[in-house]
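Participant: The sequence isn't on hand, but the structure is:
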């Protein structure tokens, strides 16, 4: 548990057990900040949705209890589409509200259906009050079937990852 | 948005999406899958009858049934495989030695293009 550090020490002030424990607790909190990640390698995700939908409402969704700091959000998504020259759009919801605009945070044009493309992005969510917050990865396409490779590859190298971590 | 979740492992996403849109038109926003379930995304105007129809379409869906576009792609691939099998030996320019200069020049061009394609395909 993070405690706001005491910064008004006075000359000759006695350090007690509570002060030392607060410092110790803060070191523990810094070593293991609120974070969550999920790596999908068991089955691909697909969508034909032209409106933003959860990639995986259970696993690509993280709830962490923050201490009021910024949260780093990141994902790595090998993907393609069944059609050539179409777009896939990605966004993240925080407590049910999408961070991006009409077309989300990131757009990836898939030039050909034959090749996979890696969508990856990181961003800070600032201004969050201390407390429990839920982050969900969302996506949509403008045509065809978008596919996030996360299990279909024989090489088992294609995984999808979504993580959040309080960093300040 | 209404999400209708149905246990279904294997689908032909393009085909099922087309089936649903054909039946329910603009009430269908799309479908998603994760290898275990199919989620049909419907707009808020979808009725109980629409949900039942969507569910029955997902259950009855045959992933082996291709869309017209998928059929065209498969036909094109089959034709290409056939053509490749029939053209495994590179063009022999000696066969054109007695032809007119223009034909010989054309054969040289085709032989060059063959080599370029083999290089691109790492053959």
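Facilitator: Received it, and whenever you're ready, just let me know what you need. Not measured: the values here are computed from a predicted model. Residues are numbered from 1 along each chain as shown, chains lettered A, B, ... in the order given.
Participant: any idea which residue of chain B is furthest from its center?
Facilitator: For chain B, the largest distance from the centre (C-alpha atoms, centre = their mean) belongs to residue B:98, which lies 44.2 Å off.
Participant: Next one: it relative to residue B:66, how far apart?
Facilitator: According to C-beta to C-beta, to the nearest Å, residue B:98 and residue B:66 sit 48 Å apart. No exception for glycine: its C-beta is placed from N, CA and C like everyone else's.
Participant: For chain A, which segments are assigned as strands?
Facilitator: Applying DSSP state E to chain A gives strands spanning A:35-40, A:45-47, A:53-54, A:61-66, A:71-81, A:86-94, A:97-98, A:106-110, A:117-125, A:131-141, A:146-148, A:160-166.
Participant: Could you pull up the residues touching the residue lying closest to residue A:41 once chain neighbours are set aside?
Facilitator: In space, and not counting its chain neighbours, residue A:41 is closest to residue A:159: 4.5 Å by C-beta to C-beta, 6 or more residues apart in numbering or on different chains. In this structure, residue A:159 makes contact with A:39-41, A:76, A:78, A:150, judged by C-beta atoms under 8 Å, 6 or more residues apart in numbering or on different chains.
Participant: Nearest to chain A within chain B, name that residue for me.
Facilitator: Closest contact between chain B and chain A, by C-beta to the nearest C-beta, is at residue B:35 (2.5 Å).
Participant: And the residue nearest the centre of chain B, which helix or strand is it part of?
Facilitator: The C-alpha lying nearest the average C-alpha coordinate of chain B belongs to residue B:70 (C-alpha atoms, centre = their mean; 3.5 Å). Under the criterion of DSSP states H and E, residue B:70 resides in helix B:68-86.
Participant: ok, back up a step: mean neighbour count added to the strands of chain A, as JSON lines?
Facilitator: Formatted as JSON lines, the strands of chain A follow (neighbours: other C-beta atoms under 10 Å in any protein chain shown):
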{"stretch": "strand A:35-40", "mean neighbour count": "16"}
{"stretch": "strand A:45-47", "mean neighbour count": "27"}
{"stretch": "strand A:53-54", "mean neighbour count": "20"}
{"stretch": "strand A:61-66", "mean neighbour count": "17"}
{"stretch": "strand A:71-81", "mean neighbour count": "21"}
{"stretch": "strand A:86-94", "mean neighbour count": "20"}
{"stretch": "strand A:97-98", "mean neighbour count": "11"}
{"stretch": "strand A:106-110", "mean neighbour count": "18"}
{"stretch": "strand A:117-125", "mean neighbour count": "14"}
{"stretch": "strand A:131-141", "mean neighbour count": "20"}
{"stretch": "strand A:146-148", "mean neighbour count": "28"}
{"stretch": "strand A:160-166", "mean neighbour count": "22"}
